[in-house]
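Engineer: take this sequence and fold it.
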Amino acid sequence: MKFKMPTAYTILVSIIIVVAILTWFVPAGEYEVGEDDAPIPGTYERVSEEDSTPQGPLDVMMAPIRGFYDAIDVALFVLVIGGFLGVVMKTGAIDAGIAKVVNTFKGRENWMIIILMTLFSIGGSTYGMAEETIAFYPLIIPVFIAAGYDAVTAVSVILLGAGVGVLGSTVNPFATGITAGFADVALGKGIVLRLIMLIAGLALAIFYTIRYAKKIKKDPSQSLVIDQRKDNREYFIRKEDESEFPELNGKRKFILVLFALTFLIMIYGVLPLDEFGVEVIPTLGWWFPELTALFLVSSIVIGFMHAFGEEDFGEKEFIDSFVSGTKDLLGVALIVGVSRGITVVMDAGNITPTVLNAGENTLSQAGRIPFILLTYLFYIPLSFLIPSTSGLATVSMPIMAPLGDFANVSRSLVITAYQSASGIVNLVTPTSAVVMGGLAIARVPYGTWLKYVWKFLLMIFVMTILALILGLYI
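Structural biologist: Predicted coordinates:
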């Protein structure tokens, strides 16, 4: 029987069981905490055996339930984000906007590459655009093949564009928002460095893609899928059907403005005052409850806008679109609760301080630069094992973020290291439906994609390391 990687749920429940077993063997301990509830370095003490609380079978069964109660604000936020995206996608505004760009820049493919990759990266950085990109492969691939490029070029535009956006997430609710919640830092903290990484990563992706595209345009025999050239022209150009994409009319343009405005308000609402070191920027101090309300209200406003002139879109259709969107992210919300159960077991068994103390005595002694680099390297293999970004965040961030306190590294930089590692893995991981689905549509073998992208991964790897070191001094 062929081995199949277990789902994130199985992995997380297994970790809960293992952690519960460890509570019987790992000494319990505790730290003194400061005003912000952060552990104070050097104050760790063992707990007496009489006061230790090893976790049993009932505690294991209750852990995901208690974890869900603890993380209900994050889980609800995720569900409402799903509903918001469901309503926006129902309007066709995003599809229409990108289709308009493709039509406008036919014959000027270099500019199309730049603009499309920029748009995809903005989507990845702000709302975690990933699965949504699948819809654009049938539209974009025929355009590039007809212009003398190949399917690898089109995949690079879409997958690397959105991928570097997720890697350089600024306010992505999944890669950054959920993680910030479990690290107990403001969502906007560290946004300047992440914006720098987004711009640098996008510049590298555009350079890398255009360089390959020009080479193929000049000499088609250099294509990595040259053996499929004739078949791909017959298959994709014959199947090009732009009429499937909605028109970018005035209403959809206004919806795109509202969509962008929602994320701008979100940034303003969560941006910490000390991020820019000035006293003149009034901040709202919003967190998950306020952000959830923002996206809920924005969903309703966009729904009303779309309803004008649409006889087949009323109250029922709006609710159906919203609920359908929440269904798409229900798995993420459940993972948040289940993975939080690991922290529940560790805290109840009083072994979290013991783990932190081990880290304080090892990683924190390595210095700030080695700590942040080891954190980044630690998250790369872990992202393969736990492909869910939200699951990985809630498993690790309650431990890794306080370790940063001991090493004098900001928690926001630990978040940046995590999302960068997860982002680079998600460009190539075979467990990702986004990667494998896009390659399947483009008829690009997985091995061919690895052959194309490995040099880019090295470039991004080096860029990330330099950015994390820079983040220690910003």
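Engineer: so how far is residue 56 from the residue of the chain most remote from its centre?
Structural biologist: Distance from the centre of the chain peaks at residue 50, with 43.2 Å (Cα atoms, centre = their mean). Relative to residue 56, residue 50 is positioned 17 Å away (Cβ to Cβ, to the nearest Å). The C-beta positions use only the backbone N, C-alpha and C, and glycine is treated the same way.
Engineer: what's the answer for residue 407, then?
Structural biologist: According to Cβ to Cβ, residue 407 stands 34 Å off from residue 56.
Engineer: who's more crowded, those two?
Structural biologist: The neighbour count for residue 407 versus residue 56, taken as other Cβ atoms under 10 Å, is higher for residue 407 (23 against 11).
Engineer: one step back: got a pLDDT number for the residue farthest from the centre of the chain?
Structural biologist: Residue 50 carries a pLDDT value of 76.
Engineer: quick check: it vs residue 164, distance?
Structural biologist: With distances taken as Cβ to Cβ, residue 50 is found 54 Å from residue 164.
Engineer: do the same with residue 302
Structural biologist: 27 Å.
Engineer: comparing those two, which residue is more hemmed in?
Structural biologist: Using other Cβ under 10 Å, the more surrounded residue of residue 302 and residue 164 is residue 164, with 30 against 24.
Engineer: give the next helix or strand downstream of the strand or helix carrying residue 137.
Structural biologist: When elements are assigned from DSSP states H and E, residue 137 belongs to helix 137-146. The first helix or strand that comes after helix 137-146 along the chain, using DSSP H and E, is helix 151-155.
Engineer: which secondary structure elements does the helix or strand following that next one sit against?
Structural biologist: Sequence-wise, the next helix or strand downstream of helix 151-155 (DSSP H and E) is helix 161-167. Secondary-structure packing of helix 161-167 (3 or more Cβ pairs under 8 Å, 6 or more residues apart in numbering; DSSP states H and E): helix 109-127, helix 191-218, helix 411-425, helix 446-471.
Engineer: which residues touch helix 161-167?
Structural biologist: Helix 161-167 is contacted by residues 116-126, 128-130, 133, 172, 175, 197-198, 201-202, 204-205, 419-420, 422-424, 426-427, 460, 464 when judged by Cβ atoms under 8 Å, 6 or more residues apart in numbering.
Engineer: which residue is the nearest non-sequential neighbour of residue 145?
Structural biologist: Using Cβ to Cβ, 6 or more residues apart in numbering and skipping residues adjacent in sequence, the residue nearest residue 145 is residue 236, 5.2 Å away.
Engineer: so which residue is dead centre in the chain?
Structural biologist: Among the residues of the chain, residue 175 comes closest to the average C-alpha position under Cα atoms, centre = their mean, at 3.4 Å.
Engineer: right, and that one touches residue 169 too?
Structural biologist: Yes. Judged on Cβ atoms under 8 Å, residue 175 makes contact with residue 169 at a distance of 4.1 Å.
Engineer: moving C-terminal from the helix-or-strand element of the chain with minimal mean pLDDT, which element do we reach first?
Structural biologist: Lowest by mean pLDDT, DSSP states H and E among the helices and strands of the chain is helix 238-239, with a mean of 51. Using DSSP H and E, the next helix or strand after helix 238-239 towards the C-terminus is helix 250-270.
Engineer: quick one, that following helix and helix 191-218 angle?
Structural biologist: Angle between the axes of helix 250-270 and helix 191-218 is 140 degrees (criterion: axes from the mean of the first three to the mean of the last three Cα atoms, to 10 degrees).
Engineer: can you list contacts of helix 250-270?
Structural biologist: Defining contact as Cβ under 8 Å, 6+ apart, one finds that helix 250-270 is touched by 84, 88, 91-94, 96-97, 126-127, 170-171, 186-188, 191, 246, 283-284, 286-287, 290-291, 294-295, 298, 301-302, 305-306, 308-309.
Engineer: residues of that helix that come out buried?
Structural biologist: Buried residues in helix 250-270, counted by 16 or more other Cβ atoms under 10 Å: 251, 252, 255, 256, 259, 262, 263, 265, 266, 269, 270.
Engineer: identify the residues contacting residue 378.
Structural biologist: Residues in contact with residue 378 (Cβ under 8 Å, 6+ apart) are residue 421.
Engineer: likewise residue 434?
Structural biologist: Here residue 434 is in contact with 130, 131, 133, 134, 159, 426 (criterion: Cβ under 8 Å, 6+ apart).
Engineer: that one sits in which helix or strand?
Structural biologist: Here residue 434, judged by DSSP H and E, is contained in helix 433-442.
Engineer: returning to that earlier point: in helices only, show me the contacts of helix 250-270.
Structural biologist: Per DSSP state H, helices hold the following members of these: 84, 88, 91, 93-94, 96-97, 126-127, 191, 290-291, 294-295, 298, 301-302, 305-306.
Engineer: quick one: the helices in the stretch 301-450 of the chain, in order.
Structural biologist: 315-328, 330-348, 352-361, 368-385, 389-406, 411-425, 433-442, 446-471 (DSSP state H, counting those that start in this stretch).
Engineer: nearest to residue 23, out of those?
Structural biologist: Nearest to residue 23 among the helices of the stretch 301-450 of the chain is helix 330-348; the distance by Cβ to Cβ comes to 6.9 Å.
Engineer: now do that closest one against helix 315-328: the angle between them, please.
Structural biologist: In terms of direction (the same axes, to 10 degrees), helix 330-348 departs from helix 315-328 by 50 degrees.
Engineer: how far does helix 330-348 sit from its chain's centre?
Structural biologist: Distance of helix 330-348 from the chain centroid (Cα atoms, centre = their mean, to the nearest Å) equals 18 Å.
Engineer: buried stuff in it?
Structural biologist: Quick answer for helix 330-348 (16+ other Cβ under 10 Å): 331-346, 348.
Engineer: I'd like to know which elements it is packed against.
Structural biologist: Judged by 3+ Cβ pairs under 8 Å, 6+ apart, helix 330-348 is in contact with helix 8-22, helix 57-70, helix 72-91, helix 178-183, helix 352-361, helix 389-406.
Engineer: what number of residues lie near the closest residue to residue 393 other than its chain neighbours?
Structural biologist: Distance criterion Cβ to Cβ, 6+ apart; nearest residue to residue 393, sequence neighbours excluded, is residue 179 at 4.1 Å. Number of residues near residue 179 (other Cβ under 10 Å) recorded here: 32.
Engineer: how near is residue 179 to residue 424?
Structural biologist: 16 Å.
Engineer: try residue 474
Structural biologist: Using Cβ to Cβ, residue 474 is found at 21 Å from residue 424.
Engineer: of those two, which one has the most company?
Structural biologist: When neighbours are counted by other Cβ under 10 Å, residue 474 and residue 424 differ, and residue 424 comes out ahead with 25 against 11.
Engineer: from residue 166, how far out is the more buried one?
Structural biologist: According to Cβ to Cβ, residue 424 and residue 166 sit 10 Å apart.
Engineer: buried subset of the ones in helices among the contacts of helix 250-270?
Structural biologist: Buried, going by 16+ other Cβ under 10 Å: 84, 88, 91, 93-94, 96-97, 126-127, 191, 291, 294-295, 298, 302, 305-306, out of the ones in helices among the contacts of helix 250-270.
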